[in-house]
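Asker: Using only what follows, build the 3D model:
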Amino acid sequence: MALQILPAVEKRPGFLSRLGAGMGEALPGAVNKEVERMRLSKGLKELAGKEDLSPFEQFAELSSIPGATPQMIQSGSNLLMQQQRAKAFKDMATQEMQNKPNPFSQQMQNTPTREGSLPKYEDLESIQEGFVSPTLDQEYSTAAQLFGENPARFGNDPQKAIDYVSAQTSRNQQIAQEEQTRYSNLTTLQKNIEDNINKHADNLGVDVPANVRSEILKEAVNSVKPKKSGGQGLTEAEAKDKYGKQLDSISRDYKNLDAIDSWGMFRKTPSSILNSLKTTSDDFAKRKDSENMADTLISDQNLSPSRAFSIAYRVDRDKDLNSELKKIPSVNTLGKPAKSGFQRVLTPEVVAEKTLEVSKKFAKYLENENNSPLAIGYELEKKGYDPQVWMQFVNDNADELRLFPRQRRELTKTDSWTGTMNDWWLNSFTGAK
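Answerer: Residues are numbered from 1 along each chain as shown. The predicted model follows:
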């Protein structure tokens, strides 16, 4: 029997053999791609560090990087262009800050803020000046500074900084225009209130100093502002009624001063005159109008400055000062009786010396603005001291004593210290001295 030869059976490679063959084929391709990525990454990093290249040189570098695709070259070119603009803007900002501050930047900081209420009285001048628009160069310079301080704020895009400054200019112009309108409305409102109150006061026969009337009118204007803005929320009619009455009350206080004259005193009892003086003086003090009271007593009632200020700025309002004045001995008791039994008369030199001693003691009370040098001098004179020595001491040491402007004005008052006829009438009739 002949031997039959069977066809050879094809032997298929095992799993491990197939896996090894596949990896052998894929490995070179993977290695090549990784190498390509590494070269691309390295090329991009090197390009990022070459800031001194011109735009064309940067483009050439980008195009020659291994693995750079056309899309990458296009995107990279756009980024390089934006980077160049950003760098130029930063350089401009640095140069601007080295040369001098941008005036427009400061102007932008001073732009009025919106509070939703009428402008304050003292702000009217600045509102009236308005907002001065910057030039294009100033806008561009400001944008460069803002961009240089924080590029990320504008997405590293200089154009966004320019657009921001331009929009801010437009907004500031709008705010300024609105503030001008509010100022115009307030001016009209102010005029209406002042006219109404002045007319009402004239009908009542009000007679007060101009500076007093001006302060009352200012309060009236502010009173119509909303309460949340510091006002009282009054209507124009309410403001006219309230402050018209206030002016009338003040006018009556001034008219009460007419009683201090040689003929007016005979129409009242001494006690009623003293009570009226005290009450009126307190009313003037409450509204911080004592200086006007003293000046009126000098000009209209012909009292001496020392007497007028002693009434307007009564020393008994300061308990410590009043107590100290009561404690000091009278000059007449300083001279001991001689052996002959007669009282020794102190010479003017000794009186001046004693006055200078007490002057140093009473100078500290001038730290209170409501205390008057003339009033203190009048009280010292009543005890025999020399008021002119006291006033000279105050004048010579005005800076060291840090006198208030009102107290300094007293130093300019001419006072003979012998008094006037009306001083004599007042003191003798009422016993006020």
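
Asker: use CA for all of it now, contacts and neighbours both
Answerer: Will do.

Asker: Flag the shaky bits of the stretch 201-350 of the chain, pLDDT-wise.
Answerer: Along the stretch 201-350 of the chain, segments meeting pLDDT under 70 span 259-270, 333-345.

Asker: If we use 80, what do you get?
Answerer: Within the stretch 201-350 of the chain, the ranges that satisfy pLDDT under 80 run 229, 258-274, 276, 332-346.

Asker: can you pull out the helices in it?
Answerer: In the stretch 201-350 of the chain, the helices defined using DSSP state H, counting those that start in this stretch lie at 210-223, 236-256, 270-286, 290-299, 305-312, 319-327, 348-362.

Asker: most neighbours per residue, which of the ones you listed?
Answerer: Counting by mean count of other C-alpha atoms under 10 Å, helix 305-312 has the highest mean neighbour count of these, with a mean of 25.

Asker: Can you check what angle separates it from helix 290-299?
Answerer: Using axes from the mean of the first three to the mean of the last three C-alpha atoms, to 10 degrees, the direction of helix 305-312 lies 140 degrees away from that of helix 290-299.

Asker: Contacts for helix 305-312, please.
Answerer: For helix 305-312, contacts defined as C-alpha atoms under 8 Å, 6 or more residues apart in numbering pick out 277-278, 281, 284-285, 290-291, 293-295, 297-298, 372, 374-379, 413-415, 417, 419, 423.

Asker: on that earlier part again, in TSV: the helices of the stretch 201-350 of the chain, plus distance to T187.
Answerer: Output for the helices of the stretch 201-350 of the chain, formatted as TSV (distance: least, C-alpha to C-alpha, whole Å):
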stretch	distance to T187
helix 210-223	10
helix 236-256	14
helix 270-286	30
helix 290-299	29
helix 305-312	36
helix 319-327	46
helix 348-362	48
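
Asker: Quick one: closest of the ones you listed to F404.
Answerer: Closest approach to F404 among the helices of the stretch 201-350 of the chain (C-alpha to C-alpha): helix 290-299, 12.7 Å.

Asker: Run through the neighbouring helices and strands of that closest one.
Answerer: Helix 290-299 makes packing contacts with helix 270-286, helix 305-312 when contacts are defined by 3 or more C-alpha pairs under 8 Å, 6 or more residues apart in numbering; DSSP states H and E.

Asker: and if we set it to 6 Å?
Answerer: Under the contact criterion of 3 or more C-alpha pairs under 6 Å, 6 or more residues apart in numbering; DSSP states H and E, helix 290-299 touches helix 305-312.

Asker: Buried residues, stretch 132-151. List them.
Answerer: Under the neighbour-count criterion of 16 or more other C-alpha atoms under 10 Å, stretch 132-151 has 134, 138-148, 151 buried.

Asker: just those now: which is nearest K225?
Answerer: Lowest distance from K225 to the buried residues of stretch 132-151 (C-alpha to C-alpha) belongs to P134, with 33.4 Å.

Asker: Using the three-state scheme, assign the closest one.
Answerer: coil (DSSP: H, G, I helix; E, B strand; the rest coil).

Asker: Backbone dihedrals for it, both of them.
Answerer: When read as degrees, to the nearest 10, the backbone of P134 gives phi -80, psi 160.

Asker: Quick check: it vs L380, distance?
Answerer: 65 Å (C-alpha to C-alpha, to the nearest Å).

Asker: and what of N292?
Answerer: The gap separating N292 from L380 is 23 Å, by C-alpha to C-alpha.

Asker: if we can go back for a sec, any idea which of the buried residues of stretch 132-151 is closest to N196?
Answerer: Lowest distance from N196 to the buried residues of stretch 132-151 (C-alpha to C-alpha) belongs to P134, with 42.2 Å.

Asker: and K413, which of the three is it?
Answerer: K413 - assigned by three-state DSSP - is coil.

Asker: Excluding sequence neighbours, find me the nearest residue to it.
Answerer: Distances taken as C-alpha to C-alpha, 6 or more residues apart in numbering put P305 closest to K413, at 6.5 Å, once the chain neighbours are dropped.

Asker: how close does the one you found get to D289?
Answerer: According to C-alpha to C-alpha, P305 and D289 sit 16 Å apart.

Asker: before we move on, what about G155?
Answerer: Distance, G155 to D289, by C-alpha to C-alpha: 62 Å.

Asker: Mind giving me the packing neighbours of the helix or strand that V165 is a member of?
Answerer: Using DSSP states H and E, V165 sits within helix 158-203. The contact analysis (3+ C-alpha pairs under 6 Å, 6+ apart) places helix 158-203 against helix 236-256.

Asker: how about a cut-off of 7 Å?
Answerer: The contact analysis (3 or more C-alpha pairs under 7 Å, 6 or more residues apart in numbering; DSSP states H and E) places helix 158-203 against helix 70-99, helix 124-129, helix 136-149, helix 210-223, helix 236-256.

Asker: returning to what we had before: more neighbours: which of G155 and D289?
Answerer: The neighbour count for G155 versus D289, taken as other C-alpha atoms under 10 Å, is higher for D289 (17 against 12).

Asker: What is the burial count for H200?
Answerer: 19.

Asker: what's the nearest residue to it if we skip its chain neighbours?
Answerer: G244 (6.3 Å).

Asker: buried residues in stretch 177-189?
Answerer: Using 16+ other C-alpha under 10 Å as the test for burial, stretch 177-189 gives 179-180, 182-183, 186.

Asker: I'd like those residues laid out as a markdown table, including pLDDT and distance to L257.
Answerer: Output for these, formatted as a markdown table (pLDDT from 0 to 100; distance: C-alpha to C-alpha, whole Å):
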| residue | pLDDT | distance to L257 |
| --- | --- | --- |
| E179 | 79 | 46 |
| Q180 | 79 | 45 |
| R182 | 77 | 43 |
| Y183 | 75 | 41 |
| L186 | 74 | 37 |
